[in-house]
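Engineer: coords please:
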Amino acid sequence: MKEITAIIRRDKLPVTKKALDDIGYSSLTIQSVDGRGKQKGAMCAEMDSEMPDSFCTSAKLKPTPAAYALEHTLPTVALYVPKRMLTLVVPDDVVTAVVKAIIKANQSGKRGDGKIFVSPIDGALRVRTGERNGEAIA
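Structural biologist: As a prediction, the model looks like this:
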């Protein structure tokens, strides 16, 4: 068994759930999380995944607190981008299919598409019935 943890854009949740449903893996846990990666919290691309790359430089927006702090030698405000974190536990033989489905649903080629982590699971137990391992995750 493997645990797959995917951190994705908020607006990609419905299409990701559908992609997982389509391959037969609808059991998952979803959490709202905040974090930052290489973009260091820059949210322009996060506002809308369809937003053109040139939008940030061409739009006349009021400065964010972080931009104001940088321009006025104030301490930089740490920005965190809202995301969704999905967690699934699946049998070893379907890990590749599940990961491919998540990638296909989320890959736009822009920063902030997300991350996927795959970790081994030593065991599972369904509390209600006492089923263990593969039976517990089915």
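Engineer: going forward, measure contacts and count neighbours with C-alpha atoms only.
Structural biologist: Noted.
Engineer: before we move on, which element is the residue lying closest to A101 once chain neighbours are set aside in?
Structural biologist: Counting by Cα to Cα, 6 or more residues apart in numbering, A19 is the residue found nearest to A101 once chain neighbours are left out, at 5.9 Å. If you go by DSSP states H and E, A19 is part of helix 13-22.
Engineer: List the buried residues of stretch 6-26.
Structural biologist: 6-10, 12-13, 16-20, 25 (16 or more other Cα atoms under 10 Å).
Engineer: To clarify, my last question referred to stretch 96-111.
Structural biologist: In stretch 96-111, counting by 16+ other Cα under 10 Å, buried: V98, V99, A101, I102, I103, A105, N106.
Engineer: okay, the helix or strand hosting V99 in PDB with CA atoms only?
Structural biologist: Following DSSP H and E, one finds V99 within helix 95-106. C-alpha atoms of helix 95-106 as PDB (Å, rounded to 0.1, in the frame of the first residue of the first chain):
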ATOM      1  CA  VAL A  95      -0.100   4.000  -7.800                       C
ATOM      2  CA  THR A  96       1.100   4.900 -11.300                       C
ATOM      3  CA  ALA A  97      -2.400   5.200 -12.700                       C
ATOM      4  CA  VAL A  98      -3.500   7.400  -9.800                       C
ATOM      5  CA  VAL A  99      -0.500   9.700 -10.000                       C
ATOM      6  CA  LYS A 100      -1.000  10.000 -13.800                       C
ATOM      7  CA  ALA A 101      -4.600  10.900 -13.300                       C
ATOM      8  CA  ILE A 102      -3.700  13.600 -10.800                       C
ATOM      9  CA  ILE A 103      -1.000  15.000 -13.100                       C
ATOM     10  CA  LYS A 104      -3.300  15.000 -16.200                       C
ATOM     11  CA  ALA A 105      -6.000  16.900 -14.200                       C
ATOM     12  CA  ASN A 106      -3.600  19.500 -12.800                       C
END
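Engineer: which helices and strands does it pack with?
Structural biologist: strand 2-8, helix 13-22 (3 or more Cα pairs under 8 Å, 6 or more residues apart in numbering; DSSP states H and E).
Engineer: Listing partners with orientation, what would you give for the next helix or strand after it?
Structural biologist: Sequence-wise, the next helix or strand downstream of helix 95-106 (DSSP H and E) is strand 115-120. Next to strand 115-120 in the sheet, as set by DSSP bridges, lie strand 2-8 (antiparallel).
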